[in-house]
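**Student:** Below are the sequence and a predicted model; questions follow.
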Amino acid sequence: MYIDLSELSDGFSSKFRVISFFLAVNKIRNLKRIIYIYEKKTKDSPYLFTDLCLIKNFKVIKLRKKPKTDIKFNPYNHNIELKKLKRRYFIDHVPFTKFNIIANSSYRKIAPNYKIKKKLKKLNLPNEYIAIHIRSTDRSINLKNFLTKIQFQEMIFEFQIEDMIKKLPDFINQITKIKNVFISSDDKQFKYKFLKKLENKFKVFSLNAHYKTKNFRQTSGEDFLTELLCLSRSKIIISTVGGAVPNSASLISRKKIKIYKWTNKVNLKFFFKIIIVVIFYVKRIKSLIFNKKFILN
C-alpha cells in the first residue's frame with residue numbers, strides 16, 4: 001500500500017489518523033503487511049512518521065519520491081479521500097461506523113523506535129499518574145492579538161492558562177487521589193510555571209526536553225512523540241485545549257483515559273471560549289464567501 005502524506009500540512013497527529021485508514025483497509029482486505037510512506041516536513045509538523053515510528057507486524061518503507069496515487073489526504077478532504085480509498089479497495093459496503101472502529105483500534109499498532117523506547121524507560125514513570133498537556137505555541141492568544149490570531153476552533157487566552165496554573169492543584173484533588181503528575185508541554189516557559197506550582201504538592205515527572213524557543217515548534221520530534229506516549233500511559237489527561245494529541249494518546253492506549261479540557265470548565269472563562277468559536281466561524285464563513293466570489297469571477 002502506498003500512502004502519500006505530503007499534503008498533510010497540519011499537526012503530526014493527522015498522520016496517525018490517515019495511516020489508521022490504510023491499516024483498517026489492510027485488515028478488512030487481508031493484504032500484505034507492507035506499507036510505503038511518502039511525506040514532507042511542514043511548519044506545523046516538522047517531524048516525519050517514518051523517522052520516529054514503527055507499525056507492529058508491518059514492514060514500513062520510507063519513499064524518497066512521490067508515488068503515483070490519486071488518494072492524497074490534506075487537512076480538509078478526509079471524507080472525500082476516504083470514500084475514494086474505500087472504492088479503490090472494494091470495501092464500499094463496509095459502513096463508516098464499523099470502518100472507524102477498525103481504524104481507531106489500529107492506533108495500537110503504532111510503536112516508537114528504539115531511541116524513543118530508551119527515553120520512555122529512562123523516565124521510570126509510576127504505574128498510575130495524571131498527565132498535564134499544555135498546548136500553547138499555536139493555540140494561545142491574548143487580548144491584543146485574538147482577532148487576528150484565531151485560526152482554530154479550540155484556542156485559549158494566555159490569562160486562562162495562568163488561571164489553570166493557579167487552580168490546577170485544587171482541581172486535581174477534586175477529581176482523583178493520584179499524587180503522581182507528568183507534565184507535557186510544547187512551550188518551555190509555561191512548562192516551568194506548571195512545574196513550580198505543582199512540585200510542592202505532587203510528585204512531578206517530566207521529560208528533559210530540549211526547547212528551541214525561536215522555532216514555531218519548540219520541541220524535537222523525538223521529545224514530542226515521547227511525551228505523547230507518556231500521555232497514552234496515564235490514567236487522566238488534563239489539557240489546555242484538548243485536540244488531536246490527547247485523542248491520539250487515548251487511541252494508542254490499551255486502557256480508558258479520562259480527558260479534561262480546561263477550556264470546557266463552566267465558569268466565567270467559559271464565556272471567552274464562546275467568543276473564540278464565534279470569531280472562528282465568522283472568519284471561516286468570510287473565507288468561504290471570498291473564495292466563492294474569486295472562483296465565479
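**Tutor:** Okay, I see it.
**Student:** Output the below-cut-off pLDDT ranges for the chain.
**Tutor:** Within the chain, the stretches with pLDDT under 70 are 136-156, 265-297.
**Student:** Domains in it, by residue range?
**Tutor:** 2-112, 117-272 (automatic domain parsing).
**Student:** Include mean neighbour count when you put these into JSON lines, please.
**Tutor:** In this view, the C-beta of every residue, glycine as well, is placed from N, C-alpha and C. As requested, the domains of the chain are exported to JSON lines (neighbours: other C-beta atoms under 10 Å):
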{"stretch": "domain 2-112", "mean neighbour count": "16"}
{"stretch": "domain 117-272", "mean neighbour count": "17"}
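**Student:** Quick one: residues contacting the most centrally placed residue in the chain.
**Tutor:** Residue closest to the average C-alpha location in the chain (C-alpha atoms, centre = their mean): residue 245, at 2.3 Å. By C-beta atoms under 8 Å, 6 or more residues apart in numbering, the contact list for residue 245 reads 11, 13, 133, 135, 228, 231, 239.
**Student:** of all those, which comes closest to residue 32?
**Tutor:** Distance to residue 32 across these (C-beta to C-beta) is lowest for residue 13, with 26.7 Å.
**Student:** circling back to that earlier point, let me know the closest of the contacts of residue 245 to residue 125.
**Tutor:** Once C-beta to C-beta is applied, the member of the contacts of residue 245 that ends up nearest residue 125 is residue 231, at 11.0 Å.
**Student:** I figured the closest one was touching residue 237, is that so?
**Tutor:** Yes. Between residue 231 and residue 237 there is a contact under C-beta atoms under 8 Å: 5.7 Å.
**Student:** which residues are common contacts for these two?
**Tutor:** By C-beta under 8 Å, 6+ apart, the residues touching both residue 231 and residue 237 are 131, 133, 246, 249, 257.
**Student:** which strands and helices sit next to the host helix or strand of the second one?
**Tutor:** Okay, so that is residue 133. Using DSSP states H and E, residue 133 maps to strand 130-134. In terms of contacts (3 or more C-beta pairs under 8 Å, 6 or more residues apart in numbering; DSSP states H and E), strand 130-134 is packed against helix 158-175, strand 180-185, helix 188-198, helix 221-232, strand 236-239, helix 244-252.
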